[in-house]
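A.B. asks: Predicted model follows, preceded by the sequence.
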Amino acid sequence: MTIKRTLMGSAAGFGIAAGLATAGLAQDTTTLTIATVNNGDMIRMQGLTSDFTEQHPNIELEWVTLEENVLRQRVTQDIATQGGQFDVMTIGVYEVPIWAEQGWLTPLDDLPEDYNTDDLLPSIREALSVDGQLYAAPFYGESAMVMYRTDLAEEAGVTIPDQPTWSDIKTAAEAMTNEDEGIYGICLRGKPGWGENMALISAMANSYGARWFDMDWQAQFDSEAWNEVLTDYLDLMNNYGPPGAAANGFNENLSLFQQGKCGMWIDATVAASFVTDPEDSQVADSVGFAQFPNKEGVDNHGNWLWIWTLAVPAGSQQSEAAQEFVAWATSQEYTNLVAENEGWRAAPPGTRTSLYENPEYQEAAPFAQMTLNSINAVDTTAPAEGEIPYTGAQYVAIPEFQGIGTAVGQTFSAALAGQMDAEQALQAAQQTTQREIDRAGYGSN
Amino acid sequence: MATQHSRAAARFMIAPSVVLLLAWMLIPLGMTLYFSFLRYNLLMPGNNPFVGFENYAYFVTDPAFQAAIVNTLLLVGGILLITVVGGIALAVLLDQPMWGTGIVRIMVISPFFVMPTVSALVWKNMFMNPVNGLFAYIAEVLGMQPFDFLTQAPLASIIGIVSWQWLPFATLILLTAMQSLDSEQLEASEMDGASAWSRFYYIKLPHLARAITVVVLIQTIFLLSIFAEILVTTNGGPGTASTNLTYLVYAESLLRFDVGTGSAGGVIAIILANIVAIFLMRMIGKNLDA
Amino acid sequence: MARAVTTKTKAINTAIAWTIAILIFFPILWTVLTSFKSEGTAIADPPVFLFFDWTLENYATVQERSSYFRHFMNSVVISVGSTIIGLAIGIPAAWAMAFVPGKQTKNVLMWMLSTKMLPPVGVLVPLYLIFRDWGLLDTRIGLIIVLTLINLPIIVWMLYTYFREIPNDILEAARMDGATLRSEVIYVLLPMAVPGIASTLLLNIILAWNEAFWTLNLTAANAAPLTAFIASYSSPEGLFYAKLSAASTMAIAPILIMGWFSQKQLVRGLTFGAVK
């Protein structure tokens, strides 16, 4: 901070509008700049920060809230160039091990004693550690599951089993669709992006027994399994999906589901607390849950795991204060605080065992058990069927995946928009992926 | 009339602008040029080896590259066409006597003040959204299927949004030019029995030629690098249907964090923009000197 | 127009012009109206136009979530600051080009304009590194510098075309009367140049206010202007039309109102030499 001020001072010395400079007065207070996503849980956290600042009167918080894609670009750019603009960053589980290996993250070894790291769900803690050292604290964790309208299912005379197969889903989607009333049987992500449509499609591929790469890093989009995945995905969306699906991501679908326009929605488990919130959701009292579907005979329920975490960039001038904040925001006390203010249903899910053992939570959150089961079922060391050279989940845990995933996502989104058929899309995806992976030099290893 | 002395003074007065812009051009551009020859990915720090023209080759052979060039030209061309034709029509209309000119003018120029991000967000969500948008509602009332603008016609939709933002600018410049037209000439032609159309075609339109070139030049400068509207509405998709060159460079350097390839793309974009610029300058130069 | 116009023609003109103007203005009007609706009303089917329970709730929500005033002040400081510095640098240059044109004047001018064609994304990483090293990231000064440089070509060009229209005869006459350069500038040229300068000033404030690439990428919390403010509302969060509308209204209202009040001044100089 001092270096920055001196430099700012000299810049002001330029004579350019010195009075306009924001050079704050030197005080004992530390200001933490926190970059975060505009997801519901983070917005809620912003609203509750007075609890933190009351406990830490010498720490001030500045929020930079951005949409996911913009946020990811901003923080990656900043950390890779050591721009030092943020003291706490909200990053995903995908980034944590990659960034930790680059030495970009501060190991979280200053956490207070009552933080109780042993309480973190084992698969979550595992995913955020490198060599046994925790590098980011989980804010909330999610797998994916089916959320469906019990009233519509009843009306249509279909039942969705707790462990549905993709053909069960198709049958239900067909039965629930009623376009005259603006009800679409199924809403799935279509918005291009490795964390948007590709999250769903990759998880779907896992559950169909398809994989991204074989052991020689050859892309597998020319396989029969992928053909089935994409054909079925397009078939579901074109016949029973809402219009404009190629532009729908998590938030758009959430909005549609809350308005009662979707019969089923297969997406992140974290959505459950929003769709059952009577204040925001018009269908709050008639939502049922089921596990992520699989194809008959494939023992894989998608292996979707996503964690939004708070991490402290290496070299942060205020690492100590930053860790205090991170600890607060991911602590059991924070969970209690949310519960006090907004009810147990709103507690950030998927990070701590204690939450799932809490009878109050179990009662308030009908989706608790399904969420926990889904997260526990994830195996990040072997997300896909068959032999694979990578780890991951609904993504491939290599730095190049952002680029590849986004490019493939664009192609599949184009297929959904009707610009090409499944075969052409797969061909294009195969080409792009192979091109990028060869350039990165994986094949030659 | 210009003396030696005043020439020196003139140089002195121009110098700050030139030096600053030169620095602005050379420093980032120089670095971009340098990066474009390196293998440089933000996510994989380490030594960034010199790779010659590999990045260029990679960028140009990207299947999206051709689409991006075509889309860039379509975007610029389409928006220019709409704003110039629409601008002339509006200028002619606003030049007519009517009640409430002031308010009409205020309403017409308002879109120009709206941030590109905001206008893209508003159009995308509140108008073009196929479920909740106003257009979907109108289609429903008319008994039609709601049209999914950003998926079915992404480029055309973006052209529409951006045209809405720039139409006021074109209208204003054209209107000012129109009002500077000598009214005696018009009256004389009217007495000669010239029809409204021939008055427009033979007197007003030629008078507007300069104004039109100006509109084309200024707008092209801004339109070549349209970005926010694409990012907000379609993310360049579906597929590459609405990816322009600027967006492609963005995708390389900030979505894939491949700064090397992104820089190569940036250099290519600059070269292409300058080719367009030279064209334009020729055209404008001719028109402005006349 | 000196010609007599029948009331009927005038009525028809009025009707057509008002219809078109309202259509063009409608998206803005709709946004403002929606910002006063509840989230449920905002997506009501059929849409409601004026008759709903007006509420300020969305503005309260937005204000609670983001410190609007700070973003607003940043926008003001950055756009006004960059414009004023741009004018300070650009006026002498345009002046010299217009009154002491040399062989290269036109080329220099065209070259300046061509720097505007530099696609910003292409140079973001280099600039980010420079800003980091100079400690300019997330400072108003940093943004003022960038926006000044971006808009300088437009400033110079606009002023140049305006100054060129000032007839040389008047200057000659003033000189004949024994006016010094100083008084020539102050009493003769400046009054004639003011409309052009005013209009350049306004146009550049608008352009700088709405610039959304650099302002978003080079700032975090301290210097972030309204473009960054709106970026945190750009993806849906459940029902969000009303909140989005409120945030949008807050982001565009200041510049819209300024534009309305100053439109005469803006238009007067906005010719870019298009009028002979």
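C.D. replies: Perfect, thanks for sending it.
A.B. asks: which element is C:Ile12 on?
C.D. replies: helix C:7-34 (DSSP states H and E).
A.B. asks: Could you pull out the buried residues of the following helix or strand past that helix?
C.D. replies: Downstream of helix C:7-34, the first helix or strand assigned by DSSP H and E is helix C:39-42. By neighbour count on 16 or more other Cβ atoms under 10 Å in any protein chain shown, the buried set for helix C:39-42 is C:39, C:41-42. Using the backbone N, CA and C atoms, a C-beta is placed for each residue, glycine as well.
A.B. asks: Tell me which residues are up against the helix or strand following helix C:39-42.
C.D. replies: Following helix C:39-42 in sequence order, the next helix or strand is helix C:57-65 (DSSP H and E). Counting by Cβ atoms under 8 Å, 6 or more residues apart in numbering or on different chains, helix C:57-65 makes contact with A:43, A:46-47, A:65, C:35-39, C:68, C:232-233, C:242-243, C:245-247, C:250, all of which sit outside it.
A.B. asks: Among the residues you listed, which lie within helices?
C.D. replies: A:43, A:46-47, C:39, C:68, C:242-243, C:245-247, C:250 (DSSP state H).
A.B. asks: quick one, phi psi at the residue in the stretch 101-250 of chain C that chain A sits nearest to?
C.D. replies: Scanning the stretch 101-250 of chain C for proximity to chain A using Cβ to the nearest Cβ identifies C:Gly135 as nearest, at 2.7 Å. Backbone geometry at C:Gly135, expressed as degrees, to the nearest 10, gives phi 60, psi 30.
A.B. asks: before we move on, what about B:Leu90?
C.D. replies: The phi/psi pair for B:Leu90 (degrees, to the nearest 10) is phi -70, psi -40.
A.B. asks: sorry, back to before: just the buried ones out of the contacts of helix C:57-65, please.
C.D. replies: Using 16+ other Cβ under 10 Å, the buried members of these are A:43, A:46, A:65, C:35-37, C:39, C:68, C:232-233, C:242-243, C:245-247, C:250.
A.B. asks: which among those residues gets closest to C:Tyr160?
C.D. replies: C:Met250 (36.3 Å; Cβ to Cβ).
A.B. asks: Excluding chain neighbours, what is closest to that closest one?
C.D. replies: Once flanking residues are discounted, C:Met250 sits nearest to C:Tyr68: 5.8 Å by Cβ to Cβ, 6 or more residues apart in numbering or on different chains.
A.B. asks: Could you do C:Ala242 as well?
C.D. replies: C:Ala42 (4.2 Å).
A.B. asks: From B:Leu150, how far off is that neighbour?
C.D. replies: Going from C:Ala42 to B:Leu150 by Cβ to Cβ, to the nearest Å gives 20 Å.
A.B. asks: for C:Glu57, same thing?
C.D. replies: On the measure of Cβ to Cβ, C:Glu57 and B:Leu150 end up 29 Å apart.
A.B. asks: okay, these two: which has more neighbours?
C.D. replies: B:Leu150 (28 against 15; other Cβ atoms under 10 Å in any protein chain shown).
A.B. asks: what helix or strand does A:Tyr148 sit in?
C.D. replies: Going by DSSP H and E, A:Tyr148 is part of strand A:144-149.
A.B. asks: That strand - which strands sit beside it in the sheet, and in what orientation?
C.D. replies: strand A:262-268 (antiparallel), strand A:287-291 (antiparallel) (DSSP bridges).
A.B. asks: Give the rounded mean pLDDT of the helix or strand following the shortest one.
C.D. replies: Downstream of strand A:287-291, the next assigned helix or strand under DSSP H and E is strand A:306-311. Taken as a whole, strand A:306-311 has an average pLDDT of 95.
A.B. asks: CA atoms of strand A:306-311 as CSV?
C.D. replies: Written as CSV, here are the backbone C-alpha positions of strand A:306-311 (Å, rounded to 0.1, in the frame of the first residue of the first chain):
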residue,chain,number,x,y,z
TRP,A,306,-17.8,-26.8,-8.2
ILE,A,307,-16.6,-24.8,-5.3
TRP,A,308,-16.5,-21.1,-5.0
THR,A,309,-13.6,-20.2,-2.8
LEU,A,310,-12.0,-17.2,-1.3
ALA,A,311,-8.2,-17.1,-1.8
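A.B. asks: can you list the ones in helices among the contacts of helix C:57-65 in JSON lines and add pLDDT?
C.D. replies: JSON lines is the format used below for these (pLDDT from 0 to 100):
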{"residue": "A:Ile43", "pLDDT": "88"}
{"residue": "A:Gln46", "pLDDT": "90"}
{"residue": "A:Gly47", "pLDDT": "88"}
{"residue": "C:Glu39", "pLDDT": "85"}
{"residue": "C:Tyr68", "pLDDT": "91"}
{"residue": "C:Ala242", "pLDDT": "91"}
{"residue": "C:Lys243", "pLDDT": "90"}
{"residue": "C:Ser245", "pLDDT": "94"}
{"residue": "C:Ala246", "pLDDT": "94"}
{"residue": "C:Ala247", "pLDDT": "93"}
{"residue": "C:Met250", "pLDDT": "94"}
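A.B. asks: between the residues you listed, which is closest to chain B?
C.D. replies: C:Ser245 (7.4 Å).
A.B. asks: before we move on, the earlier item: what's the closest of the buried residues of helix C:39-42 to chain A?
C.D. replies: C:Glu39 (8.1 Å).
A.B. asks: now the closest one, nearest residue through space, not along the chain?
C.D. replies: Nearest to C:Glu39 is C:Leu239, by Cβ to Cβ, 6+ apart, at 3.9 Å.
A.B. asks: next one: B:Ile14
C.D. replies: According to Cβ to Cβ, 6+ apart, the nearest residue to B:Ile14 is C:Ala93 (4.6 Å).
A.B. asks: so which helix or strand takes in that neighbour?
C.D. replies: C:Ala93 belongs to helix C:68-99, assigned by DSSP H and E.
A.B. asks: ranking the strands paired with strand A:144-149 by burial, who's on top?
C.D. replies: strand A:262-268 (a mean of 27; mean count of other Cβ atoms under 10 Å in any protein chain shown).
A.B. asks: what's the following helix or strand after that one?
C.D. replies: Following strand A:262-268 in sequence, per DSSP H and E, is helix A:271-275.
A.B. asks: residues contacting the residue in the stretch 101-250 of chain A positioned nearest to chain C?
C.D. replies: Nearest residue of the stretch 101-250 of chain A to chain C: A:Gly249, at 7.3 Å (Cβ to the nearest Cβ). Each residue near A:Gly249 by Cβ under 8 Å, 6+ apart is listed here: A:189-191, A:193, A:196-197, C:235.
A.B. asks: Of those residues, which are in range of chain B?
C.D. replies: A:191, A:193 (Cβ under 8 Å from any Cβ of the partner chain).
A.B. asks: what mean pLDDT does the strand holding A:Tyr148 have?
C.D. replies: pLDDT averaged over strand A:144-149 gives 96.
A.B. asks: again with stretch A:228-238
C.D. replies: 96.
A.B. asks: With stretch A:173-183 instead?
C.D. replies: 92.
A.B. asks: For it, measure first residue to last.
C.D. replies: Using Cα to Cα, to the nearest Å, the end-to-end distance of stretch A:173-183 comes to 10 Å.
A.B. asks: Specify the angle between the strand holding A:Tyr148 and strand A:306-311 in degrees.
C.D. replies: Note on geometry: by axes from the mean of the first three to the mean of the last three Cα atoms, to 10 degrees, strand A:144-149 and strand A:306-311 are set 120 degrees apart in direction.
A.B. asks: Name the surrounding residues that touch the following helix or strand past strand A:144-149.
C.D. replies: Scanning forward in sequence from strand A:144-149 by DSSP H and E, the next helix or strand is helix A:150-156. Applying Cβ under 8 Å, 6+ apart, the contact partners of helix A:150-156 are A:159-160, A:172, A:175-176, A:183, A:263, A:283, A:286-288.
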